[in-house]
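Peer 1: Sequence and predicted structure, then a few things I'm wondering about:
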Amino acid sequence: MDSARSWFHKFQPRDKMRSTTRRKEPGEGGGGDSRDDFPRDDDEALSNTTKQKVAAAKQYIENHYKEQMKNLQERKERRNLLERKLADADVSEEDQNNLLKFLEQKETEYMRLQRHKMGVEDFELLTMIGKGAFGEVRVCREKTTGHVFAMKKLKKSEMLRRGQVEHVKAERNLLAEVDSNCIVKLYCSFQDEEFLYLIMEYLPGGDMMTLLMRKDTLTEYEAQFYVAETVLAIESIHRHNYIHRDIKPDNLLLDRHGHLRLSDFGLCKPLDCSTIQEGDFSVVNNPNGATQNEDRSAAPKRTQQEQLQHWQKNRRTLAYSTVGTPDYIAPEVLLKKGYGMECDWWSLGAIMYEMLVGYPPFYSDDPMSTCRKIVNWKTHLKFPEEAKLSPEAKDLISKLLCNVNQRLGTNGADEIKEHPFFNGVDWNNIYHMEAAFTPEVNDELDTQNFEKFEESEHHPQTSSKTGPWRKMLSSKDLNFVGYTYKNFEIVNDYQVPGMAELKKKDTKPKRPSVKSLFEGESETSESSETTTSDQPPGQGSFLNMLPPELEVTPKQHDAV
Ligand SMILES: Nc1ncnc2c1ncn2[C@@H]1O[C@H](COP(=O)(O)OP(=O)(O)OP(=O)(O)O)[C@@H](O)[C@H]1O
């Protein structure tokens, strides 16, 4: 707290500090600085950089205290929750005390971690598994604990250059706020002079883009499973009032059991349509028909197989290009007409089409033609005969790829869930069931489900220990104040002092009763898929603090 204050003081511009000093009353002794006697217009005296620094300092301090309050509140809630559960449980007093003690130890460790300034030096950087317009994603290992994570690294200057600062903040906020099995879990975020870092759970099953490239098309059963899990993921971000805008197969990741999680929030790269001329979209005002512009986007007639091969040849290039692919973006987003959550349901329709047909519905050789086809979707949405889609699949896709006001999902995700395409889906348990496809994963560092990336020349690791406490903030940093974050669940069970003893201890758990504590009424599946020992620490919320003997299946929040 004191250091925060002194830091703020350091950044108070001299003139500003003077203006906050109490003015002497007439006759008050002590002589003093004659300049104090002259009213000054502080705003005039302050340069823009100084104002920016003051604003950043203010935000930093506000965040700091807000964070402290939030931490205290959450700590209280965690304690209350456990006490309530234990009170209702059939657990011996000794077990109860052990669990409460364990929670306190974990809390202490979390507080210690909060003070520790995390940096890239804390991780051993391993295989690169993703490359985006702004940086890269790598598998990494935390040096002290040996735990494996995925590290996403984003170049600050690039974010600034492309006006992505707000998006990157939104991504960090969403990941920190939304606790759901359908969303990739964020453990912490930090920054150094050059980069922003997100430390996430590593999902070794690969992404949907890679799966689709390897399998060409999915069966309707497989598509039903992935589309259903995507519905739950979209629903959970919408519940938190976020819109993704850029859902595409590259952002649908698979865990080691094949369950799907949504990632990459905020770094949306809607294609810049400013280069498309006004008339290109004239069909919007002319719902009946084709315009002369459409001739330009007309691709040579290809069979489904030819189109698929063409798409696959171009897919990766499109994915790694600086603008990305517009194939899944809703027309209202492209047209910058104002859009709402419905745009994510459009993307779902485009992804579902690709799963079943092999390429996205508006694919064209060049992205601008794709944009034109999307905004003129009425004339371009076609289902190739060869793809043999069921009437239910066609109907659902048509109800997602349509005008906003007719689009399924506009009145909430339930209207999508009720569609006959999903007949037989157990929405409450889908994340606990066997996935449609189980990826091959041999060990925690296995990256076989990802593409191989060429390593560019070695860049020395930048020091992250140059945060606001040590160094004057550059204007680059000012834009990213408040980016740093640590999730309670990053605390590793095995770091907790005394945990080993606790584990060795024969607590003679009455397992079903303890399980029922956390699972509600039903005492289901002993062999939980989601609590295997090779998971990152904390997976499945604070329940992970339980010693293995008492391990329980994490409650599925959003899908229930
Ligand atoms: N937590 C993770 N676990 C496993 N793989 C991941 C993870 N996060 C990202 N990836 C891999 O890295 C790729 C790129 O990640 P992401 O889309 O988040 O990066 P990006 O720089 O924002 O890319 P884009 O250009 O799509 O915006 C993903 O498609 C996926 O293959």
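Peer 2: Nice, thanks for sending it over. Since the structure is predicted, the reported quantities are computational estimates derived from the model, not experimental observations.

Peer 1: Do the helix or strand encompassing residue 154 and the ligand come into contact?
Peer 2: In the assignment (DSSP states H and E), residue 154 maps to strand 148-155. Yes. Residues of strand 148-155 are located near the ligand by CB under 6 Å from any ligand atom, namely 150, 152. C-betas here are computed from N, CA, C, even on glycine.

Peer 1: Pick out the residue in the stretch 351-500 of the chain sitting closest to the ligand.
Peer 2: Using CB to the nearest ligand atom, residue 450 is the residue of the stretch 351-500 of the chain that sits closest to the ligand, at 5.7 Å.

Peer 1: Can you tell me the SS state at that residue?
Peer 2: Residue 450 carries the three-state label coil when classified by DSSP: H, G, I helix; E, B strand; the rest coil.

Peer 1: Which residue is the nearest non-sequential neighbour of it?
Peer 2: residue 129 (4.1 Å; CB to CB, 6 or more residues apart in numbering).

Peer 1: hmm, back to that, could you double-check that the residue of the stretch 351-500 of the chain closest to the ligand sits in contact with residue 131?
Peer 2: No. If you go by CB atoms under 8 Å, residue 450 and residue 131 don't touch, sitting 10.5 Å apart.

Peer 1: For residue 160, the count of nearby residues, please.
Peer 2: The local packing of residue 160 (other CB atoms under 10 Å) involves 15 other residues.

Peer 1: ugh, wrong one, I meant residue 394
Peer 2: 15.

Peer 1: My guess is residue 158 contacts residue 134. True?
Peer 2: Yes. Counting by CB under 8 Å, residue 134 is a contact partner of residue 158 at 5.1 Å.

Peer 1: Between those two, which has more neighbouring residues?
Peer 2: The neighbour comparison of residue 158 against residue 134 (other CB under 10 Å) goes to residue 134, with 23 against 15.

Peer 1: what bridges to the residue lying closest to the more buried one once chain neighbours are set aside?
Peer 2: Leaving aside its chain neighbours, residue 134 sits nearest to residue 154 (4.6 Å; criterion: CB to CB, 6+ apart). Per DSSP bridges, the residues bridged to residue 154 are residue 135, residue 196.

Peer 1: Contact partners for residue 154?
Peer 2: Shown in contact with residue 154 (CB atoms under 8 Å, 6 or more residues apart in numbering): 134, 135, 168, 195, 196, 197, 198, 267.

Peer 1: Neighbour-wise, give me the winner out of these.
Peer 2: residue 198 leads these on contacts (other CB under 10 Å) with 26 neighbours.

Peer 1: Just confirm residue 199 is within a strand.
Peer 2: Yes. Using three-state DSSP, the assignment for residue 199 is a strand.

Peer 1: Return the residues of the protein in contact with the ligand.
Peer 2: Counting by CB under 6 Å from any ligand atom, the chain sits next to the ligand at 129-130, 132-135, 137, 150, 152, 184, 200-203, 207, 250-251, 253, 263-264, 267, 324, 450.

Peer 1: Could you write me a PyMOL select line covering just the buried ones among those?
Peer 2: A single PyMOL command selects the buried members of the residues of the chain next to the ligand (16 or more other CB atoms under 10 Å):
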select buried, resi 129+130+132+133+134+135+137+150+152+184+200+201+202+203+207+250+251+253+263+264+267+324+450
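
Peer 1: Who are the packing partners of the helix or strand containing residue 70?
Peer 2: Applying DSSP H and E as the criterion places residue 70 in helix 48-88. Applying 3 or more CB pairs under 8 Å, 6 or more residues apart in numbering; DSSP states H and E, we find helix 48-88 packed against helix 2-11, helix 93-115, helix 475-478, helix 511-519.

Peer 1: I'd like the mean pLDDT over that helix, please.
Peer 2: In this model, helix 48-88 carries a mean pLDDT of 80.

Peer 1: Would you map the strands across the chain?
Peer 2: Counting by DSSP state E, one finds strands in the chain at the ranges 123-131, 135-142, 148-155, 186-191, 195-200, 252-254, 260-262, 485-486.

Peer 1: report the angle between the axes of the first one and strand 148-155?
Peer 2: Right, strand 123-131. 70 degrees (axes from the mean of the first three to the mean of the last three CA atoms, to 10 degrees).

Peer 1: quick one, strand 123-131 and strand 195-200 angle?
Peer 2: For strand 123-131 against strand 195-200, the angle by the same axes, to 10 degrees is 90 degrees.

Peer 1: cool, and the second one?
Peer 2: Here strand 135-142 runs at 60 degrees with respect to strand 195-200, directions being taken by the same axes, to 10 degrees.

Peer 1: Please apply the same query to the third one.
Peer 2: With the same axes, to 10 degrees as the criterion, the two stretches strand 148-155 and strand 195-200 enclose an angle of 160 degrees.

Peer 1: about what we covered before: show me what contacts the residue of the stretch 351-500 of the chain closest to the ligand?
Peer 2: With CB under 8 Å, 6+ apart, residue 450 has these contacts: 127, 129, 130, 206, 207, 210.

Peer 1: before we move on, what about residue 435?
Peer 2: Counting by CB under 8 Å, 6+ apart, residue 435 touches 225, 254, 257, 258, 259.

Peer 1: I'd say the first one and residue 438 touch.
Peer 2: It refers to residue 225. No. Residue 225 is beyond contact range of residue 438, at 11.6 Å (criterion: CB under 8 Å).

Peer 1: who's more crowded, those two?
Peer 2: Comparing residue 225 with residue 438 by other CB under 10 Å, the one with more neighbours is residue 225, at 22 against 13.

Peer 1: how near is that one to residue 232?
Peer 2: Distance, residue 225 to residue 232, by CB to CB, to the nearest Å: 11 Å.

Peer 1: which residues are common contacts for the two?
Peer 2: residue 430.

Peer 1: What ranges in the stretch 351-500 of the chain fall below the confidence cut-off?
Peer 2: The model of the stretch 351-500 of the chain has pLDDT under 70 over residues 457-486, 488-500.

Peer 1: ah, wrong one, I meant the stretch 1-150 of the chain
Peer 2: Along the stretch 1-150 of the chain, the model assigns pLDDT under 70 to residues 1-45, 133.

Peer 1: Distance check, residue 339 against residue 324.
Peer 2: As judged by CB to CB, residue 339 and residue 324 stand 17 Å apart.

Peer 1: now swap in residue 313 and tell me
Peer 2: From residue 313 across to residue 324, the span is 17 Å (CB to CB).

Peer 1: ditto for residue 111
Peer 2: Per CB to CB, residue 111 is found 40 Å from residue 324.

Peer 1: since we're on residue 340, how many residues are nearby?
Peer 2: Neighbours of residue 340 under the rule other CB under 10 Å: 12.

Peer 1: Just give the closest residue to it, not the sequence neighbours.
Peer 2: Closest residue to residue 340 apart from its sequence neighbours, by CB to CB, 6+ apart: residue 243 at 7.0 Å.

Peer 1: give the contact list for the one you found.
Peer 2: Applying CB under 8 Å, 6+ apart to residue 243 gives the contacts 237, 339, 340, 341, 343, 344.

Peer 1: Which of those scores worst on pLDDT?
Peer 2: Lowest pLDDT within the contacts of residue 243 is found at residue 339 (81).

Peer 1: Can you read off the backbone torsions of it?
Peer 2: Dihedral pair for residue 339: phi -150, psi 160, per degrees, to the nearest 10.

Peer 1: For the closest residue to it other than its chain neighbours, the count of nearby residues, please.
Peer 2: Nearest-residue entry for residue 339: residue 332, 4.2 Å, with adjacent residues in sequence omitted and distances by CB to CB, 6+ apart. If you count neighbours by other CB under 10 Å, residue 332 ends up with 19.
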